[in-house]
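# here is a sequence together with a model predicted from it:
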Amino acid sequence: MTPAFFRGLRDSLAIAVGYVPVAVSFGLAAVYADISPWMAVLVSVLVYAGASQFILISLVASGGAAFSVVGIVLLMNLRHLFYGPALLAKLDQGQRRRPMFLLAAGLTDEVFATSISKLGRQPAHERESWYVGLQLGAYLAWVGGTAAGAFFGHDWLRDSPLLSQTLGFVLPALFFALLLEIRRIVAFYVLAGAAAATLLGLFVLPVYGAIVAGMLAGALLGALRARA
């Protein structure tokens, strides 16, 4: 393991701070939906889709058909198709040593935002190692938080009612911090256009559709700015 890998692991701590409370909530929600703790952890290990996992267990608990469950979760995560090409352009292709699917497996919203902000600051030949460390740290935080919530979360909430009131605030706070970080390298009107499209989309689309609409608007505005 290289120093760049450990730098990425260190930088993942900011993501982990937001991931662990939400993952604990997911572990709790899964157990309350009559899903065994081990199955809840397995979902986080194999699916690793953040908020989509809450939808997944709700659909499973309500008896949804397997085809519809898979289709809805895929639609909710369609935005990730935009992430890969944007990051791939920043990696040194001559130095790429790991299979592409491994680099894509841990590409979450927060990993993408952090990478867009910090990947360019890494030496070109160290970017892949840094990115792998960032991915791994975020992934372990999510899986570990899920395990904690599934096996111990009920006792924690019983002993501290305040904890249950604060869990839902941490991830939005993390997103806002990442937005402030990205603001340094993305034009304001691109961010504003993406936000406006997302807000408008919420009136006529499900949440995942509004997110995709916002990403499309941001990509279009960014492309127009690049051509100007």
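Arrived safely.

# how many neighbours does Phe152 have?
Look at Phe152: counted by other C-beta atoms under 10 Å, it has 14 neighbours. All C-beta spots, glycine's among them, are computed from the backbone N, C-alpha and C.

# let me fix that, I meant to ask about Ala51.
With neighbours defined by other C-beta under 10 Å, the count for Ala51 comes to 16.

# same deal with Met100?
As a measure of burial, Met100 has 10 neighbours, counting by other C-beta under 10 Å.

# what packs against the helix or strand hosting Trp142?
With elements taken from DSSP states H and E, the one containing Trp142 is helix 127-159. Under the contact definition 3 or more C-beta pairs under 8 Å, 6 or more residues apart in numbering; DSSP states H and E, helix 127-159 sits against helix 3-11, helix 13-32, helix 37-46, helix 100-105, helix 109-118, helix 161-182.

# quick one: buried residues of it?
127-135, 137-139, 141-150, 153, 157 (16 or more other C-beta atoms under 10 Å).

# for the protein, what helix or strand is lowest in average pLDDT?
Taking all helices and strands of the chain together, the one with the lowest average confidence (mean pLDDT, DSSP states H and E) is helix 161-182, at a mean of 60.

# contacting residues around the nearest residue to Ala16 once chain neighbours are set aside?
Nearest non-adjacent residue to Ala16, counting by C-beta to C-beta, 6 or more residues apart in numbering: Ala141, 3.5 Å away. The contact partners of Ala141, by C-beta atoms under 8 Å, 6 or more residues apart in numbering, come to Ser12, Ile15, Ala16, Tyr19, Val20, Ala23.

# try 6 Å
For Ala141, the contacting residues are Ala16, Tyr19, Val20, taking C-beta atoms under 6 Å, 6 or more residues apart in numbering as the criterion.

# repeat for Glu126
For Glu126, the contacting residues are Ala4, by C-beta under 6 Å, 6+ apart.

# same list (the contacts of Ala141) but as TSV, adding distance to Pro99.
As requested, the contacts of Ala141 are arranged in TSV below (distance: C-beta to C-beta, whole Å):
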residue	distance to Pro99
Ala16	25
Tyr19	24
Val20	28
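
# outline the domain layout of this structure.
3-167, 186-228 (automatic domain parsing).

# out of those, deepest packed?
By mean neighbour count, with neighbours taken as mean count of other C-beta atoms under 10 Å, domain 3-167 ranks first of the domains of the chain at a mean of 17.

# so what's the gap between that domain and the chain middle?
Counting by C-alpha atoms, centre = their mean, to the nearest Å, domain 3-167 is centred 5 Å from the centre of its parent chain.

# wait, Gly218 sits on Ala196?
No - applying C-beta atoms under 6 Å as the test, Gly218 and Ala196 come out as separate, 10.1 Å apart.

# could I get the average pLDDT for stretch 213-228?
When the per-residue pLDDT values of stretch 213-228 are averaged, the result is 77.

# do stretch 108-125 as well
87.

# first-to-last residue distance for that stretch?
With C-alpha to C-alpha, to the nearest Å as the measure, the first residue of stretch 108-125 is 23 Å from its last.
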